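> Structure of the sequence below:
(one chain, ligands or ions: 1)
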Amino acid sequence: MAEIGIIGLGAMGLASAWAAVRAGASVIGFDRFSAGHERGSSHGESRMIRRIYSEGALYNALLDRAYDLWAALEADAGERLFVKTGGMDAGIAGSAFMAEALSSAETSGQAYDVLDAASLRRRYPALAVPDDVMAIFAPGSGYLLSDAANAAMARLAEAGGADLYWDCPVKRIDRTNGGFRIHAADGNYDADHVILAAGPWVGEFDGDLDRALTVERQVVGLFDGPDDMPPFQRVLADGRRIYALPNGPGGRWKLGVYHHRKQRGPDYRETLPVDAADRALLADALGEVLQDCPPPDAFEVCRFTNTADHRFILDTAEDGRVLVSACSGHGYKFAPAIGEAAVALALGEAPRVYLSPFSLARQTKL
Ligand SMILES: Cc1cc2nc3c(=O)[nH]c(=O)nc-3n(C[C@H](O)[C@H](O)[C@H](O)COP(=O)(O)OP(=O)(O)OC[C@H]3O[C@@H](n4cnc5c(N)ncnc54)[C@H](O)[C@@H]3O)c2cc1C
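Sure, this is the predicted structure:
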């Protein structure tokens, strides 16, 4: 009997497994697909990490802890996983988005620069900058090498004694007298505690979660981008929020538009092929934010699992299962802090970070 059973080994499940072995717990983990698969939300070479979080101060403690744990992961894994390039939030001066970004910067205690259109053009000639655009540059931001980080967390969890079962879907979880019985494809397993981190599929295990979550198809395009630019997100006058970041050091760039074509529903758990509408949408978005870049010529399909207010769910259900749904397109940067908090909840310990903003009770359907 393991102390902790983890369902789903994307970023959140792997971070939970790594945290559980650090806490000295015995761990079993299951994923329906193979290690490094591309059918969830965590694949791809890079993910943006922003030191100043315009989504709100409620994320600050989780973000601070995540920064500490990314450094710890790099030290334990013996490899670089965080590329600190700085990063920018850009938008129309005076817009609600930039007002929020400015207020987050002012209250963050972090270093930042405010850049107007002229300074943006000077600093980053590759950017397309209309006169009314401004940006906040945070030197502590950058990007994470996500495929490598996922592999490192799996490696360290296994080195700490975790048994991770890949290609092993879990069909059902039952409450037993002493804990939980996990019905997996290759047999039944018992665990004292369960962490549910099944990403877009998490709703299959819990009706309340299913009602609170909406799966959405997301496509990113890869292209030959500028050499010396930090990752950025830019909100256009029409509300489109575009993000762009290096796909790895010295590599290509990738770009996406939050909520892409708004293709939402359980069918979008499947990886539908990229079509002309996807390509056109991404080429157009690229033209809005960068000059003289050829359109994306390779694509990755991913999925967001959204809550109505785009906050995460990190909570314990009435039957004691720990529920983790941390996507809405922005969860990766928090993964090690979320894994650590999930393990604390599972073991009945006080999480280091205040989790009330992430309770299931506050969620309603998108
Ligand atoms: C295109 C894209 C870009 C993003 N960019 C950023 C970014 O720049 N910065 C950032 O911070 N965040 C970003 N995010 C969000 C971030 O990637 C997600 O928050 C994170 O990857 C979610 O991880 P997860 O473990 O919850 O889900 P997943 O990675 O989907 O993992 C869930 C796992 O559960 C497994 N599973 C499901 N059902 C079962 C079952 N029955 N039995 C066993 N296993 C099961 C699945 O196979 C899967 O491996 C982005 C997301 C996308 C899609």
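
> can we go C-alpha only for contacts and neighbour counts from here?
Noted.

> Touching, Val324 and Val194? I think so.
No. In this structure, Val324 is not within contact of Val194 by Cα atoms under 8 Å, at 10.7 Å.

> Neighbour count: those two, which is higher?
For Val324 versus Val194, neighbours defined as other Cα atoms under 10 Å are more numerous around Val194 (31 against 27).

> OK, contacts around that one?
Applying Cα atoms under 8 Å, 6 or more residues apart in numbering, we find Val194 in contact with 4-7, 180, 320-322, 346.

> Arg50 too?
So, once contact is read as Cα under 8 Å, 6+ apart, Arg50 ends up touching 87, 138, 140-142, 333.

> Sort out for me which of those residues are in strands.
Counting by DSSP state E, the contacts of Arg50 place 87, 138, 142 in strands.

> Kindly indicate the member of the contacts of Arg50 with the most neighbours.
Gly87 (27 neighbours).

> Contact residues of the stretch 51-200 of the chain facing the ligand?
Contact residues (Cα under 6 Å from any ligand atom) of the stretch 51-200 of the chain with the ligand: 169-171, 197-200.

> can you do 8 Å?
Proximity of the stretch 51-200 of the chain to the ligand, by Cα under 8 Å from any ligand atom, involves residues 143, 167-172, 184, 197-200.

> farthest pair in those residues?
Using Cα to Cα, the two most remote members of these are Tyr143 and Arg172, lying 36.1 Å apart.

> tell me the contacts of the nearest residue to Ser108 once chain neighbours are set aside?
Closest residue to Ser108 apart from its sequence neighbours, by Cα to Cα, 6 or more residues apart in numbering: Ile52 at 6.4 Å. By Cα under 8 Å, 6+ apart, the residues touching Ile52 are 104-105, 108, 110, 138, 141.

> Make TSV out of the residues you listed and add distance to Ala72 and pLDDT.
As requested, the contacts of Ile52 are arranged in TSV below (distance: Cα to Cα, whole Å; pLDDT from 0 to 100):
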residue	distance to Ala72	pLDDT
Ser104	26	94
Ala105	25	96
Ser108	22	92
Gln110	20	96
Ala138	22	98
Ser141	17	98
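
> what about Met153, neighbour count?
Applying other Cα under 10 Å, we find 24 other residues in the vicinity of Met153.

> got the buried residues for the strand or helix carrying it?
Using DSSP states H and E, Met153 maps to helix 146-159. Neighbour counts over helix 146-159 (16 or more other Cα atoms under 10 Å) mark 146-158 as buried.

> swap in stretch 95-104?
Using 16+ other Cα under 10 Å as the test for burial, stretch 95-104 gives 97-98, 100-102, 104.

> next one: that stretch to chain centre, how far?
Offset of stretch 95-104 from its chain centre (Cα atoms, centre = their mean, to the nearest Å): 22 Å.

> if we look at it, which residues are touching it?
By Cα under 8 Å, 6+ apart, stretch 95-104 touches 52-57, 89-92, 135-136, 235.

> do that again at 10 Å, thanks
Applying Cα atoms under 10 Å, 6 or more residues apart in numbering, the contact partners of stretch 95-104 are 52-57, 60, 88-94, 105-106, 108, 110, 112, 114, 133-136, 234-237, 239.

> Convert that stretch to PDB, retaining C-alpha atoms only.
Output in PDB follows, covering the C-alpha atoms of stretch 95-104 (Å, rounded to 0.1, in the frame of the first residue of the first chain):
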ATOM      1  CA  SER A  95      -6.400  49.900 -21.100                       C
ATOM      2  CA  ALA A  96      -7.700  47.800 -18.200                       C
ATOM      3  CA  PHE A  97      -5.100  45.200 -19.000                       C
ATOM      4  CA  MET A  98      -2.200  47.600 -18.600                       C
ATOM      5  CA  ALA A  99      -3.700  49.300 -15.600                       C
ATOM      6  CA  GLU A 100      -3.800  45.800 -13.900                       C
ATOM      7  CA  ALA A 101      -0.300  45.100 -15.100                       C
ATOM      8  CA  LEU A 102       1.000  48.400 -13.700                       C
ATOM      9  CA  SER A 103      -0.700  47.900 -10.400                       C
ATOM     10  CA  SER A 104       0.700  44.300 -10.100                       C
END
